[in-house]
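In: What would the 3D arrangement of this be:
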Amino acid sequence: MRTKSSASSLGSRPRRWAVGAWVGTGLVFAIGLGLAIANLGGRGTVSDRGGDKPDQIAVAAAELSDPRVKEVEASFRCPCGKCGVMELIECQCDMPGGALEVKDAIVKALKGGGSVPGVTEAIAAHYGGRKAPAAQPRS
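Out: From the prediction side, this is the model:
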């Protein structure tokens with residue numbers, strides 16, 4: 001009959017320690033991943049998140065779902081002053097008073113029941129950057 005030697009009992013300890021270390025590492029990773037996902041998930045516009053910057057994804061989604069957003073955007077250049085004369089409809093800058101902020105304001109105003117001409121006037125009054133009307137060809 002064989003008896004357990006002290007060598008065999010020492011051999012099992014490192015394995016139990018290794019399993020515990022892997023379980024602990026896995027738990028830390030899972031908690032960190034869960035917190036990261038919770039922090040990224042459910043983003044909305046500025047007022048939805050309580051932050052101070054608009055969410056580019058929410059603005060882009062609104063542009064795709066409501067053609068009135070692009071109609072208003074087409075009347076403006078980016079008013080941030082750092083993009084030169086970039087068209088608002090193409091710009092994605094996140095400068096204060098820049099494209100994302102203006103686009104977010106357009107989305108909110110249209111969702112709030114504003115008309116395209118009314119929102120266009122309100123954005124021009126608040127942010128500026130309105131393009132000059134296209135010159136009409138003479139006949």
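
In: Run a quick neighbour tally on the residue lying closest to S75 once chain neighbours are set aside.
Out: The spatial neighbour of S75 that comes closest, neighbours along the chain excluded (CB to CB, 6 or more residues apart in numbering), is T120 at 5.2 Å. Using the backbone N, CA and C atoms, a C-beta is placed for each residue, glycine as well. T120 has 20 neighbours, counted by other CB atoms under 10 Å.

In: quick check, T120 in a strand?
Out: No: under DSSP: H, G, I helix; E, B strand; the rest coil, T120 falls outside any strand and is assigned helix.

In: how near is it to G129?
Out: 11 Å (CB to CB, to the nearest Å).

In: With S115 instead?
Out: Distance from S115 to G129, by CB to CB: 20 Å.

In: do the same with M95
Out: M95 is 12 Å from G129, by CB to CB.

In: who's more crowded, the two?
Out: Ranked by neighbour count (other CB under 10 Å), M95 and G129 place G129 first, with 20 against 15.

In: Distance-wise, check P79 relative to G118.
Out: 18 Å.

In: Oops, could you answer that again for V23 instead?
Out: Remark: distance between V23 and G118 (CB to CB) = 60 Å.

In: the more surrounded of those two?
Out: Shown here are V23 and G118; by other CB under 10 Å, G118 has more neighbours (13 against 10).

In: residues in contact with the more buried one?
Out: By CB atoms under 8 Å, 6 or more residues apart in numbering, G118 lies in contact with A109.

In: domain parsing for the protein?
Out: Domain assignment for the chain by automatic domain parsing gives 8-41, 46-127.

In: These: lowest mean pLDDT?
Out: Lowest mean pLDDT within these: domain 8-41, a mean of 63.

In: residues touching the nearest residue to F76 once chain neighbours are set aside, list them.
Out: Closest residue in space to F76, ignoring its immediate chain neighbours: L88 at 4.0 Å, by CB to CB, 6+ apart. By CB under 8 Å, 6+ apart, L88 lies in contact with 73-74, 76-79, 99, 102-103, 129.

In: For those, work out which two are farthest apart.
Out: Spatial extent of these (CB to CB) is set by the pair A74 and P79 at 14.4 Å.

In: Please consider this matter closed, and thank you.
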